[in-house]
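Peer 1: coordinates only, sequence not included:
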């Protein structure tokens with residue numbers, strides 16, 4: 001198709017480097033330190049990670065392909081009502097941070113499901129775990145399919161081959177390196193994602209003619225809602 005975006009050699013190199021680097025991080029933590037021999041090391045990183053990588057890792061959990069690809073198109077089509085979701089995040093993040101997480105930390109729990117068993121019963125824990133697994137299986141299907149579809153559109157590489165490759169790489173570094181590998185891989189992915197988003201904003205704004213021009217076009221097409 002004329003004018004369609006396609007991957008260049010540089011794009012392929014960067015993509016391959018991300019996959020290799022992610023796998024290398026998992027391999028590094030599998031061969032060094034505690035070598036993932038204990039539950040504390042594998043699931044909790046020995047509670048030794050600093051706030052910065054943990055914060056970026058948590059941030060990465062909110063920046064899946066669903067957000068990267070879906071939110072811009074949502075706002076482009078329907079306007080800026082979506083920003084109200086950010087208001088709910090304020091309560092949705094502050095309440096757990098100051099009420100729930102301190103309790104779990106003092107109890108030295110590995111997961112919230114342990115608390116469900118302590119507070120209620122093993123049956124409640126199993127039900128909560130099963131519900132979460134069901135939700136995550138569906139969610140991860142979307143999260144893997146969305147970037148694979150985008151990658152297929154710009155490269156022509158097999159859709160399911162891309163899904164399989166990403167899934168295997170993620171499984172590899174998680175299995176080998178445990179939580180430490182997951183956190184540091186998330187740090188790299190977060191930096192790459194935000195660098196890409198910033199580049200799109202800067203280049204796109206410059207090509208249109210500046211921030212004022214972008215705002216005027218949005219207002220003219222009734223895309224600004226709940227702000228002005």
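Peer 2: Noted; the coordinates are in hand. Quick caveat: nothing in here was measured; it's all calculated off a predicted structure.
Peer 1: Now the element after the lowest-mean-pLDDT helix or strand in the chain, going C-ward?
Peer 2: Counting by mean pLDDT, DSSP states H and E, the chain has its least confident helix or strand at helix 65, which shows a mean of 74. Downstream of helix 65, the first helix or strand assigned by DSSP states H and E is helix 71-78.
Peer 1: from the chain's centre, how far out does that following helix sit?
Peer 2: Put simply, helix 71-78 sits 19 Å off its chain's centre (C-alpha atoms, centre = their mean, to the nearest Å).
Peer 1: And stretch 142-160, by the same measure?
Peer 2: Stretch 142-160 sits 17 Å away from the centroid of its parent chain (C-alpha atoms, centre = their mean).
Peer 1: Provide the angle between the direction of the helix ranked longest in the chain and the direction of helix 71-78.
Peer 2: Using DSSP state H, we find that the single longest helix of the chain is helix 159-208. Angle, helix 159-208 to helix 71-78, by axes from the mean of the first three to the mean of the last three C-alpha atoms, to 10 degrees: 60 degrees.
Peer 1: so what secondary structure elements neighbour helix 159-208?
Peer 2: Under the contact criterion of 3 or more C-beta pairs under 8 Å, 6 or more residues apart in numbering; DSSP states H and E, helix 159-208 touches helix 9-31, helix 39-44, helix 51-61, helix 122-155, helix 211-220. From N, CA and C alone the C-beta is placed, and that goes for glycine too.
Peer 1: Quick one: closest of the ones you listed to residue 68.
Peer 2: Checking the helices and strands packed on helix 159-208 against residue 68 by C-beta to C-beta gives helix 122-155 as the closest, at 8.0 Å.
Peer 1: Quick one: residues contacting the nearest residue to residue 27 once chain neighbours are set aside.
Peer 2: Of all residues not flanking residue 27 in the chain, residue 176 sits nearest, at 5.7 Å (C-beta to C-beta, 6 or more residues apart in numbering). Taking C-beta atoms under 8 Å, 6 or more residues apart in numbering as the contact definition, residue 176 lies against 26, 27, 29, 30, 36.
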